[in-house]
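>>> Got a predicted structure plus its sequence, pasted below:
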Amino acid sequence: MCFALGITKRTLQSYRDKRFVPYSNVGGKYFYRESDVAAYLEARTKGKIAAGTALQSEPGSQPQNE
C-alpha cells in the first residue's frame, strides 16, 4: 500500500487516524479495498494526468504535420 501511494508507513498510519482511506483491521493487519484507494487517488488527482498515463489520439486519426 505504501509503495503504491508513494508514502511511508507513518504517513499511512496518519491517513488511517484521519480517516482519509477506509480500512479493516484483522489480527493486527490492515486491509484496504482497491475501490476505496482508487476513489481516494481520484479525489487527490482530479484535474491532473496520472503519472505513467499517455495521452492517446482517436483511433484511426493521423498525426498532422504543421
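Sure, I can see it.
>>> going forward, measure contacts between C-alpha atoms and count neighbours the same way
Will do.
>>> Can you spell out which helices and strands pack onto the helix or strand of the chain with the lowest mean pLDDT?
Of all helical and strand segments in the chain, the minimum by mean pLDDT, DSSP states H and E falls on helix 2-5, at a mean of 85. Applying 3 or more CA pairs under 8 Å, 6 or more residues apart in numbering; DSSP states H and E, we find helix 2-5 packed against no helix or strand.
>>> Run through who's touching that helix.
Surrounding helix 2-5, the residues in contact under the criterion CA atoms under 8 Å, 6 or more residues apart in numbering are Thr8, Lys9, Leu12.
>>> Kindly report the same for stretch 34-42.
Phe20, Val21, Pro22.
>>> in it, what counts as buried?
Val37 (16 or more other CA atoms under 10 Å).
>>> Specify the helix with the largest residue count in the chain.
Longest helix in the chain, counting residues (DSSP state H): helix 34-44.
>>> so for stretch 10-19, what's the average pLDDT?
For stretch 10-19, mean pLDDT is 94.
>>> Please export the C-alpha coordinates of it as PDB.
Extracted in PDB, the C-alpha atoms of stretch 10-19 (Å, rounded to 0.1, in the frame of the first residue of the first chain):
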ATOM      1  CA  ARG A  10       3.900   6.500   9.300                       C
ATOM      2  CA  THR A  11       2.100   8.600   6.700                       C
ATOM      3  CA  LEU A  12      -0.300   5.700   6.000                       C
ATOM      4  CA  GLN A  13      -0.900   5.400   9.800                       C
ATOM      5  CA  SER A  14      -1.700   9.200   9.800                       C
ATOM      6  CA  TYR A  15      -4.200   8.700   6.900                       C
ATOM      7  CA  ARG A  16      -5.900   5.900   8.900                       C
ATOM      8  CA  ASP A  17      -6.100   8.200  12.000                       C
ATOM      9  CA  LYS A  18      -7.600  11.000   9.900                       C
ATOM     10  CA  ARG A  19      -9.900   8.600   8.200                       C
END
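>>> Where do the strands of this protein begin and end?
24-26, 29-31 (DSSP state E).
>>> which other helices and strands contact the first one?
Put plainly, it is strand 24-26. Contact analysis of strand 24-26 by 3+ CA pairs under 8 Å, 6+ apart lists strand 29-31 as its packing neighbours.
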